[in-house]
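[1] got a sequence here, can you model it:
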Amino acid sequence: MSEDQKGEIIRMLGVPIVMFHERYLGLPTIAGKNKKEMFKKINERLESHLQGWQSKLLSKAGKTVLIKAVGQQSGQVLVGKRRKQEGNTLVYLGGPRNKKAGALGFRDLECFNQALLAKTVWRLALHPESLVSQLLTAKYFPQSNWAGAMVGEKPSFIWRSLLWGRDLSCTGVRWRIGSGNRVRIWEDKWLPMPWSFKIATPRFLLANTMVNYLMDQAGERNVRYVEDNFLLVDVEKILSIPLGGGNSEDAAIWHICPNGHYTVKSGYWLGREIKQLDMGTSSVGAGSASNFKNYWSLIWSMNIPNKVKLLWKACHSFLPCAERLFKSKIVSHPGCGRCGGPRETVLYSLWECPSVKKVWKLTWLSV
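    Residues are numbered from 1 along each chain as shown. Sure, this is the predicted structure:
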């Protein structure tokens, strides 16, 4: 662009010439190798909010609200994997986040960031005519697509982050069958069967055989052929797929949402499930864990202030009983100071101590 053209644009729009913007939405526009220095100001801004004098006067319930309102909103703009483990913070921020699973309801920022990045990848894949999509396609995968894109040589920080979100979006994407002439029977994901979405029957046709091979000339399923050649588990799923007719096109959809469109909420849920599967604590198919959902819901639905909900702390052994204080070397003896019992555990201090039982007898429980 010539200088005359630049001057004409400046006069028309009334804007100055800027070589490059140092920051956009609080983040530097150029990401170097030093990621610690890059996110330093975000950490400083977050700590200034959480360590102010006002937060010192809040109860634990108030500090929980402060972290959700300030800490999580500040952390969700990050575009990479960041973990922070400081002492007992993992007691509240680690493990399950859902209140029905016995936690405080904190959001997993790592999974939430990945869900946001997956949303960006979803939009770029749906709009290949956009300038950003064309730029990334020409640079990183000119002969492939988003599903087959690789890191490549000298990838940028943004591209690495997008691939991280791509991995999540590809996990929940499958084909919706229309005409069936774009989807391969064994190679592509098209069965409504999470999370592989693929045929379990051993391949007996060519690898590039399309799904329309299982249809007749009218575009309907060849039920007899499917039942005779595929496993029962595949037959049930194949026959349950609603066909769009021969005139409709095959389309990639997000399996989790009924309308087939990706949402950050569903992506976050899938990211949490994948993370818990890796840890061996997934809620999918966990019958014993589901038995406690009503129990935890009852605790959180009590019509009392959050700061006096001691039952949640008692279930997680967070109360400062003598046994815990003794293990932390705060007191010299783990015994009960009221009745002289040998060990004052959380259960003992709230239920088994003779002095506490006298108090319980005065209530409606009458134990």
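[2] now whichever strand or helix holds Leu46: buried residues?
    For Leu46, the host element (DSSP states H and E) is helix 40-50. Neighbour-count burial for helix 40-50, counted by 16 or more other Cβ atoms under 10 Å, picks out Ile42, Leu46, His49. Quick note: C-beta positions are derived from backbone N, CA and C, even for glycine.
[3] got it, and stretch 161-169?
    Ser161, Leu162, Leu163, Trp164, Gly165, Arg166, Leu168, Ser169.
[4] swap in stretch 331-339?
    Residues Val331, Pro334, Gly335, Cys336 are the ones in stretch 331-339 that count as buried (16+ other Cβ under 10 Å).
[5] give me the subset of the residues you listed lying in strands.
    Of the buried residues of stretch 331-339, none are assigned to strands by DSSP state E.
[6] just give me the closest of the residues you listed to Arg272.
    Nearest to Arg272 out of those is Pro334 (Cβ to Cβ; 37.6 Å).
[7] name the nearest residue to that closest one, ignoring sequence neighbours.
    Leaving aside its sequence neighbours, Pro334 sits nearest to Phe326 (Cβ to Cβ, 6 or more residues apart in numbering; 3.8 Å).
[8] measure how buried the one you found is and give me the count.
    By other Cβ atoms under 10 Å, the residues close to Phe326 number 16.
[9] identify the residues contacting the strand or helix carrying it?
    Assessed by DSSP H and E, Phe326 sits inside helix 322-327. Here helix 322-327 makes contact (Cβ atoms under 8 Å, 6 or more residues apart in numbering) with 317, 331-337, 343-346, 349.
[10] where is pLDDT lowest across these?
    Lowest pLDDT among these: Ser317, with 78.
[11] give me every residue that touches it.
    Contacts of Ser317 by Cβ under 8 Å, 6+ apart are Arg324, Val346.
[12] do that again at 6 Å, thanks
    Val346 (Cβ atoms under 6 Å, 6 or more residues apart in numbering).
[13] distance of it from Asn247?
    From Ser317 over to Asn247 the distance is 63 Å, taken as Cβ to Cβ, to the nearest Å.
[14] equivalent analysis for Gly340, please.
    Distance from Gly340 to Asn247, by Cβ to Cβ: 84 Å.
[15] Val331 now?
    From Val331 to Asn247 the distance is 78 Å (Cβ to Cβ).
[16] flag the shaky bits of the chain, pLDDT-wise.
    1, 20-29, 52-56, 71-103, 244-246, 280-293, 295, 306-310, 365-367 (pLDDT under 70).
[17] spatially central residue in it, please.
    Centroid check for the chain by Cα atoms, centre = their mean gives Tyr268 as the closest residue, at 2.7 Å.
[18] and that one, what is it in contact with?
    Residues near Tyr268 by Cβ under 6 Å, 6+ apart: Cys111, Phe112, Ala115.
[19] repeat for Arg272
    Per Cβ under 6 Å, 6+ apart, neighbours of Arg272: Cys111.
[20] so it: helix, strand or coil?
    helix (DSSP: H, G, I helix; E, B strand; the rest coil).
[21] export the helix ranked longest in the chain to PDB, keeping only CA atoms.
    For the chain, the helix that runs over the most residues, judged by DSSP state H, is helix 109-126. The C-alpha trace of helix 109-126 is given here as PDB (Å, rounded to 0.1, in the frame of the first residue of the first chain):
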ATOM      1  CA  LEU A 109     -10.100 -22.900  34.400                       C
ATOM      2  CA  GLU A 110      -8.000 -25.400  32.300                       C
ATOM      3  CA  CYS A 111     -11.100 -27.100  31.000                       C
ATOM      4  CA  PHE A 112     -12.900 -23.800  30.500                       C
ATOM      5  CA  ASN A 113     -10.100 -22.300  28.500                       C
ATOM      6  CA  GLN A 114     -10.000 -25.400  26.300                       C
ATOM      7  CA  ALA A 115     -13.800 -25.200  25.800                       C
ATOM      8  CA  LEU A 116     -13.400 -21.500  24.700                       C
ATOM      9  CA  LEU A 117     -10.700 -22.400  22.300                       C
ATOM     10  CA  ALA A 118     -12.800 -25.300  20.900                       C
ATOM     11  CA  LYS A 119     -15.600 -22.700  20.300                       C
ATOM     12  CA  THR A 120     -13.100 -20.600  18.300                       C
ATOM     13  CA  VAL A 121     -12.100 -23.600  16.200                       C
ATOM     14  CA  TRP A 122     -15.800 -24.500  15.700                       C
ATOM     15  CA  ARG A 123     -16.500 -21.100  14.300                       C
ATOM     16  CA  LEU A 124     -13.500 -21.100  12.000                       C
ATOM     17  CA  ALA A 125     -14.400 -24.500  10.700                       C
ATOM     18  CA  LEU A 126     -18.000 -23.400   9.900                       C
END
